[in-house]
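Student: sequence and predicted model, in that order:
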Amino acid sequence: MQDIKAASWTNNSYQWTGYTNGTRSYTANGLNQYATAAGSTLSYDANGNLGGDGVWTYAYNLDNQLTAANKTGSANSLAYDGAGRLRQTTLAGVVTNLSYDGSDLVAEYNSAGALLRRYVHGPGVDEPLVWYEGAVTTAKTWLYNPITCADRMCRRQEAHLSSDQTKRSQVAEPYLRRPISSRSENPDCKQRLNRPAGVSIELPSPITNADGDLTVPRPTARKSPPF
């Protein structure tokens, strides 16, 4: 098993800067819940959900999903559909409605039904690819991890090849002139499996075709520092 030994980044655009140095004291009750935290008194409902911290008060539904978070000057509420998906947020009076494709969030609308933003997902579970802001497709943000996506693509093909080879090995194929495993093998996946340390698979920058449709290029191998 390998663990991350070191990590590095190129800029601080996504660094959290809200931290401060200091010492805080905490006390716990008989249920091992914090009764006080940094001078604030905490309260809980009968299900153990945090009910308040001295500034904010919280409310929940029967499924223990947060339905309200309020403090002086700020009232906020959340609503869910029959499948337990968040369908609407009302934050400081601003209403946003959410639309899904199965479990994938695909669009957000304002209270008048105008499109605010859209999301495009890959075939895997929890695999968002791109976020389009507004009703057009010109303002987009890429959300996927290139290496993760490439490895996932290869794993799918490896599983397919393994299953395909098992099925074919059960019947005679005298007409074959080469090994079954080489008939449809993805060279990118083979390269990933046999690559030396420090070489990873990464998708190149996403592009659109002449019609403006989203396309995701095939993965390629590149040299990258190990971490």
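Tutor: Thanks, I have it.

Student: CA atoms for contacts and neighbours, from now on please.
Tutor: Will do.

Student: who does the helix or strand hosting Y132 touch, helix- and strand-wise?
Tutor: Using DSSP states H and E, Y132 sits in strand 128-133. Strand 128-133 is packed against strand 115-121, strand 140-142, with contacts defined by 3 or more CA pairs under 8 Å, 6 or more residues apart in numbering; DSSP states H and E.

Student: pick out the shakiest of those, pLDDT-wise.
Tutor: Here these differ in mean pLDDT, and the lowest is strand 140-142 at a mean of 90.

Student: run through who's touching it.
Tutor: L129, V130, W131, Y132, E133 (CA atoms under 8 Å, 6 or more residues apart in numbering).

Student: need the phi and psi values for L86.
Tutor: phi -60, psi 120 (degrees, to the nearest 10).

Student: that one touches Y100, doesn't it?
Tutor: No. Taking CA atoms under 8 Å as the definition, L86 is not a contact partner of Y100, at 9.5 Å.

Student: more neighbours: the two, which one.
Tutor: L86 (19 against 14; other CA atoms under 10 Å).

Student: so the more buried one bridges to which residues?
Tutor: Taking DSSP bridges as the rule, L86 bridges to Y80.

Student: from the contacts of strand 140-142, pick the one nearest T23.
Tutor: W131 (39.9 Å; CA to CA).

Student: quick one, domains of this protein?
Tutor: The record's domain split for the chain, according to automatic domain parsing, is 26-72, 73-144, 146-168+179-223.

Student: just the element for V125, please.
Tutor: Counting by DSSP H and E, V125 is part of no helix or strand.

Student: cool, G18 as well?
Tutor: Using DSSP H and E, no helix or strand contains G18.

Student: next: S13.
Tutor: Per DSSP H and E, there is no helix or strand for S13.

Student: any weak-confidence spans in this protein?
Tutor: Low-confidence segments of the chain, defined by pLDDT under 70: 1, 144-227.

Student: show me the beta-bridge partners of T57.
Tutor: G52, N70.

Student: make a markdown table out of the helices and strands packed on strand 128-133 and add distance to S13.
Tutor: Conversion of these to a markdown table gives the following (distance: least, CA to CA, whole Å):
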| stretch | distance to S13 |
| --- | --- |
| strand 115-121 | 22 |
| strand 140-142 | 14 |
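
Student: so which of the ones you listed is the most surrounded?
Tutor: Comparing those by mean neighbour count (mean count of other CA atoms under 10 Å), strand 115-121 ranks first with a mean of 19.

Student: need the contact partners of that one.
Tutor: Taking CA under 8 Å, 6+ apart as the rule, strand 115-121 contacts 104-110, 127-135.

Student: and those residues, which is closest to K71?
Tutor: Nearest to K71 out of the contacts of strand 115-121 is N110 (CA to CA; 23.6 Å).

Student: please enumerate the helices of the protein.
Tutor: 146-168, 187-194 (DSSP state H).

Student: thought N70 was touching D53?
Tutor: No. With contact defined as CA under 8 Å, N70 does not count as touching D53 (11.0 Å).

Student: relative to H121, how far out is T57?
Tutor: 35 Å (CA to CA, to the nearest Å).

Student: likewise for T96?
Tutor: Using CA to CA, T96 is found at 20 Å from H121.

Student: tell me which residues touch L78, please.
Tutor: Taking CA under 8 Å, 6+ apart as the test, what L78 contacts is L66, T67, A68, L86, R87, Q88, T89, T90.

Student: nearest residue to T67 in space, ignoring adjacent ones along the chain?
Tutor: Excluding its sequence neighbours, the residue lying closest to T67 (CA to CA, 6 or more residues apart in numbering) is L78, at 4.6 Å.
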